[in-house]
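Participant: build me a structure from this.
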Amino acid sequence: MPRPMKWRKVCYLPESNKFGPLDSLADTRNYVNMTVDQYETIRLIDLEGFTQEECAKQMNIARTTVQGIYVEARKKLAESLVNGKVLLIEGGEYRLCDGLGNGCIRDCRRLRRSR
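Facilitator: Down below sits the predicted model:
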């Protein structure tokens, strides 16, 4: 019997969930789908400067899981940029944090107010 899925904790949903070339056709072959938890690893590691260990603690998952999610997210970013595809961020196995800073490494409640 497989292990039950462990939900990934996410503090922020993207303000925009669709990015790409302005002249892009609305063809599904020109889309790259990134999950919300992949977006969160990019946000935490590349934007906020977290280590993979800190990111794992923040998202309440194993560091090796973060590493896998991060590698896939970067591949999708590269595919979108290099091949001129639209990046669509949606779905995934995540739960939004409560915004109270419970279990957060850095006070996400403070960050929520400032954005």
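
Participant: for Cys97, give its distance to Tyr39.
Facilitator: 14 Å (C-beta to C-beta, to the nearest Å). C-beta: built from backbone N, CA, C; applies to glycine.

Participant: those two: who's more crowded?
Facilitator: Legend: neighbour count by other C-beta atoms under 10 Å for Cys97 and Tyr39, higher for Tyr39 (24 against 20).

Participant: return the helix or strand in the protein with minimum mean pLDDT.
Facilitator: helix 108-114 (a mean of 47; mean pLDDT, DSSP states H and E).

Participant: next, the contact list for Pro21, please.
Facilitator: Gly84, Val86 (C-beta atoms under 8 Å, 6 or more residues apart in numbering).

Participant: recalculate using a threshold of 10 Å.
Facilitator: Shown in contact with Pro21 (C-beta atoms under 10 Å, 6 or more residues apart in numbering): Asn30, Ser80, Leu81, Asn83, Gly84, Lys85, Val86.

Participant: where is the longest helix in the protein?
Facilitator: As assigned by DSSP state H, the longest helix anywhere in the chain is helix 63-83.

Participant: those helices in the chain, which residues are they?
Facilitator: Using DSSP H, helices in the chain cover 36-42, 52-59, 63-83, 108-114.

Participant: the third one packs against which elements?
Facilitator: For helix 63-83, the contact count by 3 or more C-beta pairs under 10 Å, 6 or more residues apart in numbering; DSSP states H and E identifies strand 8-10, strand 18-19, strand 31-34, helix 36-42, helix 52-59, strand 86-89 as packing neighbours.

Participant: could you turn the buried ones of the contacts of Pro21 into a ChimeraX selection?
Facilitator: To isolate the buried members of those in ChimeraX, using 16 or more other C-beta atoms under 10 Å:
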select :80,85,86
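
Participant: hmm, which two among the contacts of Pro21 are most spread apart?
Facilitator: Asn30 and Leu81 (13.2 Å; C-beta to C-beta).

Participant: now do the shared contacts for these two.
Facilitator: The contact lists of Asn30 and Leu81 share Gly20, Pro21, where a contact means C-beta under 10 Å, 6+ apart.
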